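> Quick one: sequence plus predicted model below, questions after.
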Amino acid sequence: MIILELLIMSEVYDIVNRCISHGDEAEWFEFKENLNKPDDIGEYISALSNAAVMANEPFGYLIWGVHNTTHEFTGTKFNYNKDINNEPFQHYLSRKLSPAIYFRFCEEEINGKRVVVLIIPAARIVPTEYKEVRYIRIGSSKENIKKHPDREAALFSYLNYGPPTLLNIESRYTDLTFEQLFLYYDMKGIRLREETFKKNLELLTPTGKYNMLAQLLSDTPHIPIRFALFNGDDKSSTMYAVRDFGNMCLLLALEKVIDYGDTINVPQADERDRRVERKEVRLFNQNAFMEAVINAFQHNLWTSGSAPKFHAYKDRIEITSLGTLPSNQTKDGFFAGISVPVNDKLSEIFLQLHISEMSGRGVPRIVDIYGKEAFEFRDNAIVVTIPFNRLDLDNDVQDDAYVQDDVQDDAYVQDDVQDNLDYITPDQIESKILELCTTARSALEITDNLRIKGRKTVSRYIRKLLNEGKIAMTLPEKPKSKNQKYIAIK
C-alpha cells in the first residue's frame, strides 16, 4: 500500500512539473485553484479529452492548486469525493459523459500545498461529449465545437487517421518530377535509385499516391518561399524586393535562402583604432542565421500548406516558422537543445544529407550569440530575430546603408563615390563592370577602375550580375579564391 501511494505521488509530481515546464497553458491541460462546479468540470473533461487527441497526447489534465499564470503552488480545498444530490461526484460526471472514459483523480502535497490532478484519457473513435455536447479547447478557452466546424472536421480527421503528417497527407499534385532531388543527392555523394527512392524516402501514401513530402522534394512544390526586404522597421515601410525560392526542390530552396542571407550580410569596414589591417565586421552572425533557417525548414508546419517566412528590415532579419512547440517539448528542453522533430522523415533526410545533426546545437548556438530573447513564441508560429550589428563610424556609414543585391538606392552609390566625381547611376556601374569584364578581372581591378570604395558597392554589384547570369566566375569551384576573377557572358 505504501509503495502504491509513492507511485501515485510520483505520477502527480511528474505531471504537474511537466505541465509547468511548458511555460504557458496548452490546450490539453488547464490550471485551476478552486474550480468546483460539477458541470464546469464535466465540460472541461470533454474539452481536454478532445484537445489531447489533436495535440497527439494520451491524456489531458485539469490541475487544482497551481496559479495559472505564476505557476506558484497555491493549494486547493477542492473535494472530488463529495456527493451531488446524494450521488457520488465522480459517478455524476461519468453518467453524463459519452462515451464512457476512465478519468481519475490523484492528489499530492507539493511544497506544503495540496495539489489535485484529474487525468483524462484522450478521445478515441468519436469525440468525448458532456451532456450530449462536444467541447474543444481554443487557446485557454472552452468552446462548444459546433461553433467551430473546421475544428470539428479536424478532430474527426485526427480520430480516424491520426495527426496529419507529411507522410499521410496526399500531394495536391500528381505530375511530380524529381530531377533536382537526384542531383542534390549526387552532390552529397549518395546515389538514389529510380526503382526504390520513393519507397526509401517514404514519398507515397498507403494507397500509393504521392504525399506532401513528395511534393516538397519535387522539382516544383507549388509552395511560395519568400524572402522580402523592407527599408524600414516594419512591414508598413517600403518593400524594396522579394525573392521567391518556392519553385524548386525544398533542399535546393534551403541552400538558396542561406546563400541569399550571405548576400545581404555585407562586410562593414571597421577602421577605428586601425594600425595595419582594416577589420571587416559582418552585419550579422552568419552561423546563427544558417541555424535559424535550417530549423525553420526542418520544423515548419508544412502540413498547413505554408512555408517559413523571411523578412529583412533596417535593423534585423525575422525568420518565422509556422506551428508551435510539439506537445512533448518544453521551452526548457527547446533552449537546452533537446530536439523533438515536427516532421520526422524530413528530419531524417536532413540528417542523412548532413544538413542538420542529432546533437541539437542549433538553438543553443543562437542563444549563445543573441540570447533567448531572439526567440518569440506566438500562438501559431515561432519567430527568430537576427539583429544587425551596424557600426557607428561617425556617420561614415549612414543609417540607410542597408545593402542587398536587389536594391539600387542612389544614396548607397553616392555615399561610396570618391573625389567628388559626378553622380554615377546604378545602371552605369553595371554597364561599366560588364565593359571591364570583357577581359577577366578581379574584384580589386574592377574597384580600381571604377574609383569606388570596395567595402560594399563593388561586391554588391558583382553578386547581382552573377545572380543575373551576366558575368561568371573563372574559378566557380573556388568562389572565395584569392585568384578569383569575373568575366562577362556574351
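Yep, it's here. Numbering: from 1, shown residues only.
> C-alpha only now, for contacts and for neighbours.
Fine.
> Phi first, then psi, for Trp64.
Main-chain dihedrals, Trp64, degrees, to the nearest 10: phi -100, psi 150.
> tell me the contacts of it?
Listed by CA atoms under 8 Å, 6 or more residues apart in numbering, the contact partners of Trp64 are 31-35, 75-76, 78, 115-117.
> Can you tell me which of those is closest to Ile15?
Distance to Ile15, by CA to CA, is smallest for Val117 among the contacts of Trp64, at 8.2 Å.
> what about the spatially closest residue to that closest one that is not a sequence neighbour, is that helix, strand or coil?
Closest residue to Val117 apart from its sequence neighbours, by CA to CA, 6 or more residues apart in numbering: Ile63 at 4.6 Å. Of the three states, Ile63 takes strand under DSSP: H, G, I helix; E, B strand; the rest coil.
> Could you do Asn168 as well?
Following three-state DSSP, the label given to Asn168 is coil.
> ok, for Trp59, nearest residue in space, not its chain neighbours?
Careful, residue 59 is Phe; it's not Trp. Closest to Phe59 by CA to CA, 6+ apart is Pro121, at 4.5 Å.
> Can you name the residues that contact the residue nearest the centre of the chain?
Against the mean C-alpha coordinate of the chain, by CA atoms, centre = their mean, the closest residue is Ser321 at 2.8 Å. The contact partners of Ser321, by CA under 8 Å, 6+ apart, come to 296-297, 299-301, 307-309, 381-383.
> ok, those residues vs Glu179, which is closest?
Using CA to CA, the contacts of Ser321 come closest to Glu179 at Phe297, 20.6 Å.
> re earlier: next, give phi and psi for the residue nearest to Phe59.
Phi and psi for Pro121, reported as degrees, to the nearest 10, are phi -60, psi 140.
> Run a quick neighbour tally on it.
23 (other CA atoms under 10 Å).
> Confirm for me that it is in contact with Asn56.
No. The criterion here is CA atoms under 8 Å, and Pro121 misses it with Asn56 at 11.5 Å.
> Show me the beta-bridge partners of the closest residue to Lys198 other than its chain neighbours.
Counting by CA to CA, 6+ apart, Leu204 is the residue found nearest to Lys198 once chain neighbours are left out, at 6.6 Å. When assigned by DSSP bridges, Leu204 has beta-bridge partners Tyr210.
> From Leu167, how far off is Leu204?
The spacing between Leu204 and Leu167, counted by CA to CA, to the nearest Å, is 7 Å.
> which residues are common contacts for these two?
The contact sets of Leu204 and Leu167 overlap at Asn211 (CA under 8 Å, 6+ apart).
> Low-confidence regions, the stretch 1-150 of the chain specifically.
1-10, 23-25 (pLDDT under 70).
> hmm, try it at 90
For the stretch 1-150 of the chain, applying pLDDT under 90 flags the ranges 1-27, 32-36, 54-57, 67-71, 84-86, 110-111, 138-141, 150.
> quick one: the strands in it?
29-32, 59-64, 83-84, 87-88, 97-98, 104-110, 113-121, 129-130, 133-138, 141-144 (DSSP state E, counting those that start in this stretch).
> Distance to Lys188 added to those strands, as CSV?
CSV is the format used below for the strands of the stretch 1-150 of the chain (distance: least, CA to CA, whole Å):
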stretch, distance to Lys188
strand 29-32, 44
strand 59-64, 43
strand 83-84, 68
strand 87-88, 66
strand 97-98, 54
strand 104-110, 53
strand 113-121, 46
strand 129-130, 53
strand 133-138, 44
strand 141-144, 48
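> Out of these, which one sits most buried?
When you average the neighbours per residue for each of the strands of the stretch 1-150 of the chain (mean count of other CA atoms under 10 Å), strand 59-64 leads with a mean of 25.
> CA atoms only for it - export them in PDB, please.
Coordinates of the C-alpha atoms in strand 59-64 are reproduced here as PDB (Å, rounded to 0.1, in the frame of the first residue of the first chain):
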ATOM      1  CA  PHE A  59      -4.100  12.300 -21.700                       C
ATOM      2  CA  GLY A  60      -5.400  15.800 -20.800                       C
ATOM      3  CA  TYR A  61      -5.100  17.200 -17.400                       C
ATOM      4  CA  LEU A  62      -7.100  19.500 -15.100                       C
ATOM      5  CA  ILE A  63      -4.900  20.600 -12.200                       C
ATOM      6  CA  TRP A  64      -6.100  22.300  -9.000                       C
END
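> going forward, begin numbering at 23 instead of 1
Yes, from this point I'll number from 23; that puts the last item at strand 81-86.
> Could you give the secondary structure assignment for Leu251?
Applying three-state DSSP: Leu251 is strand.
> wait, I meant Ser361
Applying three-state DSSP: Ser361 is coil.
> for Val139, what are its contacts?
34, 38, 83-86, 127-129.
> Tell me how far it lies from Gly87.
From Val139 to Gly87 the distance is 9 Å (CA to CA).
> Same check on Lys502?
Following CA to CA, the distance that separates Lys502 from Gly87 is 61 Å.
> What is the neighbour count of Pro243?
Pro243, neighbours per other CA under 10 Å, totals 22.
> helix, strand or coil for it?
Assigned with three-state DSSP, Pro243 falls in the coil class.
> Report the contact partners of it.
Here Pro243 is in contact with 237, 268-272 (CA under 8 Å, 6+ apart).
> go with 6 Å
Residues near Pro243 by CA atoms under 6 Å, 6 or more residues apart in numbering: Gln237.
> how close does it get to Gln374?
Here Pro243 is placed at a distance of 21 Å from Gln374 (CA to CA).
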